[in-house]
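Student: Quick check, what structure comes out for this input:
(one chain, ligands or ions: 2)
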Amino acid sequence: MSTPPSRRKLITAGLSTLAGASGLAVAARIAHHYGLIPPDHGGLYGIGETLTYAGQRLLMSGRSMAREFNRSDISKAPVVNGRPPEVEAYERQLTAGFTDWRLSIDGMVGRPRDFSIADLRQYPARTQITHLACEEGWSFIAEWTGVPLAHVLNLVGVLPQAKYVVYFSMDPGWWDSIDMSDALHPQTLLTYGMNGQELPKGHGAPLRLRVPRQLGYKSVKYITRLTLTDDLKRFGKGLGSAPPEFGYSWYAGI
Ligand SMILES: Nc1nc2c(c(=O)[nH]1)N[C@H]1C(S)=C(S)[C@@H](COP(=O)(O)O)O[C@H]1N2
Ligand SMILES: [Mo]
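Tutor: Ligands and ions are numbered 1, 2, ... in the order given. Next up is the predicted model:
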């Protein structure tokens, strides 16, 4: 990490001081002004979540890289979590080799459109060997191939007021969101390949968003739609994603 500890200490101490009994409202106002409040903050009492997110954003400027590993580090038997979407449309798509699969992008973009998997494969690809860590304690290392989300966002033209990318899966109940800092990060990939093969069914075929700087649950599988927004309140229970509805953090930085 490039930031000297003194700066980290300073910021943490500063935020905590501001967050002291009398300064709580001031801290909240300042944090809000600088876009440092995560959508699932529990009002002023969600100060823990806010400090984690604000601390990361201030210290890392959103540009730190997740560690990349060597081929020899790739896990022999990566864990599959959950089951492929139990919807008829998924089985049909699988049988058809995902030729009809589309990723649609809408919301605060200049040119909303759909992308086929073949479209996505035409763009400059990135391959990276990263760690996927589940909040339950298990993890694995795999090689992922895809197109940086930033590339595709540039094609559709993100409007300046957009603050978040919300992503939806064909898997019922699975949706999440990231801020623009993570969305434009070079390691955030629309992933269609894994360990030199097509992305397997269990790991999200044909398309998953890999967000390697956050816990595994942010890497949603079977994604079909992205929408750009400046307000997460309109989605689900307004907490930014499905996991906070079950007690997990919206921001799951590692
Ligand atoms: N659609 C969908 N995406 C998902 C899940 C899921 O069950 N369905 N599980 C999440 C969780 S909790 C983790 S830890 C990772 C696991 O990825 P894997 O199945 O490739 O191991 O996927 C995440 N994305
Ligand atoms: Mo997980």
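
Student: Make sure Val220 is actually in contact with Gly173.
Tutor: No. Applying C-beta atoms under 8 Å as the test, Val220 and Gly173 come out as separate, 10.5 Å apart. Glycine gets a C-beta too; all of them are placed from N, C-alpha and C.

Student: which of those two has more neighbours?
Tutor: Val220 (23 against 9; other C-beta atoms under 10 Å).

Student: ok so the more buried one is a strand residue?
Tutor: No. Counting by DSSP: H, G, I helix; E, B strand; the rest coil, Val220 is not found in a strand; it is coil.

Student: so who does it touch?
Tutor: Residues counted as contacts of Val220 (C-beta atoms under 8 Å, 6 or more residues apart in numbering) are Tyr167, Ser169, Asp171, Trp174, Trp175, Asp176, Gly204, Arg208, Leu209.

Student: count of residues packed around the nearest residue to Gln161 once chain neighbours are set aside?
Tutor: Once flanking residues are discounted, Gln161 sits nearest to Asp230: 5.0 Å by C-beta to C-beta, 6 or more residues apart in numbering. Neighbour count of Asp230, defined by other C-beta under 10 Å: 13.

Student: Asp230 touches Pro160, doesn't it?
Tutor: No. Using C-beta under 8 Å, Asp230 makes no contact with Pro160, being 9.7 Å away.

Student: Give me the common contacts of these two.
Tutor: Here Asp230 and Pro160 have no joint contacts, going by C-beta under 8 Å, 6+ apart.

Student: So in that sheet, which strands flank the lengthiest strand in the chain, and in what orientation?
Tutor: Using DSSP state E to define each element, the chain has its longest strand at strand 139-148. Here strand 139-148 is paired, per DSSP bridges, with strand 126-133 (antiparallel), strand 189-194 (antiparallel).
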